[in-house]
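>>> based on what follows, work out the 3D shape:
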Amino acid sequence: MSILRKQRGGALEPLRTIPTLKYTRDSKRIKSIELLYPYLPYFFSIVKEIPWSEFKSEQEGYFAKCSDIPYILVGGAAYEAYDVLFPKNVPLVKELLDPTSDIDLLIRELVITTTNPSDKGTYPFTTKKNTGEVTFSPIYNDFTKWLASHFAEKFKKLSYNFPEWFGDIARPTSDMFQLLKSVNPRILYAEVIDIHPVYITRTVSNEGATAVQAHLYDGETLITFVECLFWFFSKINVPPSDIITTSFIPYSVHETLVTSDGIRINSFSYELSLQQDSLKNRLPLLGYLNSFHKYYNHFYRTVYLLSHLETIIKTYKLTDTHRLEAQRSVIHNLKDILIVMNENSTKNPDDDVKDILSTDILPMFVEKICNYSGILNILKPFEELHDIFKKYGCNLIKKKGGSRNTKQKTSQKKRATRKNKK
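Numbering: from 1, shown residues only. The predicted structure follows:
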């Protein structure tokens, strides 16, 4: 069902106000949030209204169709969906995370079959012409063209709002392909549908990925605010098999969740493992003003998920096996993350990185873990962590989670001082 709320000027009104930003400092990111965050629910309603299951394609002996919800919502927007699943829990996403300005979707359920029993590989996204040009493979050409046309049709119906929402924006003077390349240098091929200042594109990039996207031209650059990324190679099925599989990771009922309003998101355990991997491997983001908000995103997403661990286990009435699996997902990278963070808090060559880790991220992370005795008990055997926890005011040897002591309060004062300086 469409969301329709008109205001006096005739344009649809903003559906939400922009909360105070807590850690984002990049001016381009702030501008994109200001322009797009109030209207993201309208754009997501477009995604949900697309008749995904109506897509059909037949090309060179291959047959393709789509499921009702062929996408997984990922990134910042997915955490608003987690709040839908657990609306009575605190903290809420908006209390921890800065708002997002985009909707990221991974397309994963394109079912491709063939009558050739010997063909059991994966169907490619792209193909190379005799000229050497890389373009869409036949079925993905059909699918991306079909999807882009649906996006264009629905965005055109919203276009009367654009002057009120985004202001009077002059058309870009540079070539659209070059504008796209400035956003993503890996793009090899693109087709564009012009609904100025919104542009719908379907692209092929040099790593073989394809995407259908919606961009807003803000007068200087393109801001991508809806992205459907075809990241999962569709496995070719031989009839009568009609099982949806991908070559990226195996999926089961425990691997994704669907909210009451029909949004598919990653399972808790898989999402937590992704965020923990990012905490460990993306520390360099802290060294740059235009990217350290990305690391904070990973950090607060992890804090949010840890906050809801016990509720999720109880809500889904997990068996002992799945409970242990959930706990393992928490511990999977936690020990390494703490060690890496602690080393960088004293040895990182960037003083800003050391400062952020030692006065902000590590104290808060340790404090959150100390409030969850189940995690503490699992971490207790790792003696290399005892000094780290003690440094930030939590005794790992105790059976129950330690409370804040003087060191933690001191760390909180330091965090407050740093935020005031910003």
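>>> would you map the strands across the stretch 251-400 of the chain?
256-258, 264-266 (DSSP state E, counting those that start in this stretch).
>>> worst mean pLDDT among these?
For those, mean pLDDT drops lowest on strand 256-258, to a mean of 77.
>>> buried sites along that strand?
Under the neighbour-count criterion of 16 or more other C-beta atoms under 10 Å, strand 256-258 has Thr256, Leu257 buried. All C-beta spots, glycine's among them, are computed from the backbone N, C-alpha and C.
>>> again with stretch 10-30
Ala11, Leu12, Pro14, Lys22, Tyr23, Thr24, Asp26, Arg29, Ile30.
>>> do the same with stretch 385-401
Residues of stretch 385-401 classed as buried by neighbour count (16+ other C-beta under 10 Å): Leu385, Ile388, Phe389, Lys391, Tyr392, Gly393, Cys394, Leu396, Gly401.
>>> quick one, phi psi at the closest residue to Ser205 other than its chain neighbours?
In this structure, Ser205 finds its nearest non-sequential neighbour in Arg186, 4.1 Å apart by C-beta to C-beta, 6 or more residues apart in numbering. Per-residue torsions, Arg186: phi -80, psi -10 (degrees, to the nearest 10).
>>> try Ile195
phi -130, psi 50.
>>> do the same with Val226
phi -140, psi 130.
>>> next: Arg29.
According to degrees, to the nearest 10, Arg29 has phi -60, psi -40.
>>> now Asp68
phi -70, psi -40.
>>> wait, it sits on Glu54?
No - in terms of C-beta atoms under 8 Å, Asp68 does not count as a neighbour of Glu54; the distance is 10.1 Å.
>>> and Tyr140, that's in a helix?
Yes - assigned with DSSP: H, G, I helix; E, B strand; the rest coil, Tyr140 falls within a helix.
>>> how many neighbouring residues does it have?
26 (other C-beta atoms under 10 Å).
>>> and what of Leu357?
Leu357 has 23 nearby residues by other C-beta under 10 Å.
>>> isn't it right next to Asn344, touching?
Yes - between Leu357 and Asn344 a contact is recorded at 5.7 Å, counting by C-beta under 8 Å.
>>> could you dump the buried residues of stretch 385-401 to TSV with distance to Lys335 and pLDDT?
Below are the buried residues of stretch 385-401 laid out as TSV (distance: C-beta to C-beta, whole Å; pLDDT from 0 to 100):
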residue	distance to Lys335	pLDDT
Leu385	6	85
Ile388	10	88
Phe389	11	88
Lys391	16	88
Tyr392	15	86
Gly393	19	83
Cys394	15	84
Leu396	11	74
Gly401	17	42
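>>> out of these, which comes closest to Gly219?
Nearest to Gly219, judged by C-beta to C-beta, of those is Tyr392 at 45.5 Å.
>>> isn't Leu289 right next to Asp26, touching?
Yes - counting by C-beta under 8 Å, Leu289 touches Asp26, with 6.3 Å between them.
>>> give me every residue that touches the residue nearest the centre of the chain.
The centroid of the chain falls nearest to Gly75 when counting by C-alpha atoms, centre = their mean (1.2 Å). Gly75 makes contacts with Thr100, Asp102, Ile103, Asp104, as judged by C-beta atoms under 8 Å, 6 or more residues apart in numbering.
>>> any idea what the last one is bridged to?
On DSSP bridges, the residues paired with Asp104 through beta bridges are Val74, Glu227.
>>> what's near enough to touch it?
Leu73, Val74, Gly75, Ala77, Ala78, Glu227, Leu229.
>>> dump those into TSV; add pLDDT as well.
Output for the contacts of Asp104, formatted as TSV (pLDDT from 0 to 100):
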residue	pLDDT
Leu73	92
Val74	92
Gly75	92
Ala77	93
Ala78	92
Glu227	93
Leu229	88
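>>> list buried residues within those.
Counted by 16+ other C-beta under 10 Å, those give Leu73, Val74, Ala77, Ala78, Glu227, Leu229 as buried.
>>> where do the helices of the stretch 1-150 of the chain begin and end?
Using DSSP state H, counting those that start in this stretch, the helices of the stretch 1-150 of the chain run over 27-36, 40-49, 76-85, 93-96, 138-158.
>>> who wins for proximity to Tyr296 among those?
That would be helix 93-96 among the helices of the stretch 1-150 of the chain, by C-beta to C-beta, at 9.5 Å.
>>> check the offset of that closest one from the chain's centre.
For helix 93-96, the separation from the chain centroid amounts to 15 Å (computed by C-alpha atoms, centre = their mean, to the nearest Å).
>>> that one packs against which elements?
In terms of contacts (3 or more C-beta pairs under 8 Å, 6 or more residues apart in numbering; DSSP states H and E), helix 93-96 is packed against helix 76-85, helix 292-307.
>>> can you put those helices in JSON lines and add distance to Pro163?
Compiled in JSON lines, these are given as follows (distance: least, C-beta to C-beta, whole Å):
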{"stretch": "helix 76-85", "distance to Pro163": "25"}
{"stretch": "helix 292-307", "distance to Pro163": "30"}
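>>> right, so of those helices, which gets closest to Tyr199?
Here helix 76-85 is closest among these (C-beta to C-beta), at 20.3 Å.
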